[in-house]
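*Asks:* structure for this input, please:
(one chain, ligands or ions: 1)
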Amino acid sequence: MSASKDPRPYIDTHFHLDLYSSPEQTARQIEDKKVYTISVTNTPSVFKHTEALTRELKYVRPALGLHPELAAERTSELDLMLDLLPRTRYVGEIGLDYASSSQENQRIQRQVFEKILDKCSAEGGKVLTIHSRKAAQDVVSMLRGFHGTPILHWYSGSKETLEQALSNGCYFSANPAMARTKKFEKLLSWIPKERLLTETDGPFVEVSGEPAEPKDTSLVVKQISRVWGVSARVGREKIFSNFKRLLQETQEKNHA
Ligand code: MN
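*Replies:* Presented below is the predicted three-dimensional model:
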């Protein structure tokens with residue numbers, strides 16, 4: 001009702017807290033700024049550290065991951081990944097990356113990704129943040145019939161594949177690096193407003209020469225709102241309500 005009501009929190013669905021020089025300090029800053037943050041990990045062997053670090057926090061959640069660029073050399077960690085899965089609702093960073101890998105490496109990536117998806121589907125109620133560089137088509141076809149909620153992080157595939165992803169229930173998360181590109185407007189025209197989220201992918205994405213932090217999702221919201229033709233406040237509310245609905249839907253699927 002009142003215009004002075006606090007705006008809804010910003011949302012960062014893909015952030016690498018464990019790659020910052022002082023994760024404890026960065027986590028405290030996120031809590032101060034009240035940004036809901038999914039803190040992804042690149043190998044299951046480091047998950048417990050992030051899990052412990054975020055246990056007492058309100059805004060930061062740990063995600064269990066096995067990054068596609070590490071999947072082939074860390075197949076030995078796949079069992080640990082599957083063992084740890086029941087401990088968390090959030091899974092990432094996972095997916096496929098065909099940018100600079102051999103056919104054999106890509107085959108192993110698909111095996112690893114499939115095993116993770118199968119276990120997530122069997123457990124139900126998981127929120128996945130997924131990498132798909134130069135591999136969007138395979139990622140999306142592997143998500144057909146998936147039981148849970150996939151978020152495609154930093155999507156750069158075709159419109160046709162994006163439409164398949166939508167029919168497979170995918171959400172999309174956009175970051176400051178994407179928001180700076182010319183094709184961002186076109187990408188937003190493909191994604192229904194209800195399926196869009198924000199992320200930073202910090203520290204891989206930088207803002208003004210510094211590793212991005214979850215508060216920098218405000219820059220993405222600003223661009224999205226401009227493209228949508230709404231105020232930044234309305235854009236922020238919309239992204240928040242998308243995330244809230246995603247969590248509700250995922251929970252409902254879990255109890256279905
Ligand atoms: Mn990442």
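
*Asks:* and the spatially most central residue of the chain, how close does it get to Glu185?
*Replies:* Note on the chain: the residue nearest the mean C-alpha position is Thr129, at 3.5 Å, using CA atoms, centre = their mean. Counting by CB to CB, to the nearest Å, the gap between Thr129 and Glu185 amounts to 24 Å. The C-beta positions use only the backbone N, C-alpha and C, and glycine is treated the same way.

*Asks:* what residues does the stretch 1-150 of the chain put near the ion?
*Replies:* Listed as neighbours of the ion in the stretch 1-150 of the chain under the rule CB under 5 Å from the ion: Glu93.

*Asks:* count of neighbours near the residue in the stretch 51-200 of the chain positioned nearest to the ion?
*Replies:* Scanning the stretch 51-200 of the chain for proximity to the ion using CB to the ion identifies Glu93 as nearest, at 4.9 Å. For Glu93, the tally of surrounding residues (other CB atoms under 10 Å) stands at 25.

*Asks:* contact partners of the helix or strand encompassing it?
*Replies:* Assessed by DSSP states H and E, Glu93 sits inside strand 90-95. By CB atoms under 8 Å, 6 or more residues apart in numbering, the list of residues contacting strand 90-95 from outside reads 14, 16, 38, 40-42, 61-68, 85, 113, 116, 120, 126-132, 135, 139, 151, 153.

*Asks:* quickly run through the sheet partners of that strand, with directions.
*Replies:* Strand pairing for strand 90-95, determined by DSSP bridges: strand 60-64 (parallel), strand 127-131 (parallel).

*Asks:* want to throw these into JSON lines with mean pLDDT?
*Replies:* Output for the strands paired with strand 90-95, formatted as JSON lines (pLDDT from 0 to 100):
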{"stretch": "strand 60-64", "mean pLDDT": "98"}
{"stretch": "strand 127-131", "mean pLDDT": "98"}
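
*Asks:* strands of the stretch 51-200 of the chain, start to end?
*Replies:* Defined through DSSP state E, counting those that start in this stretch, the strands belonging to the stretch 51-200 of the chain, from first to last, are 60-64, 90-95, 127-131, 149-153, 171-174, 196-198.

*Asks:* just so I know, which of these lies nearest Thr54?
*Replies:* strand 60-64 (4.5 Å; CB to CB).

*Asks:* distance between the closest one and the chain's centre?
*Replies:* Its chain's average C-alpha position is 10 Å from that of strand 60-64, according to CA atoms, centre = their mean, to the nearest Å.
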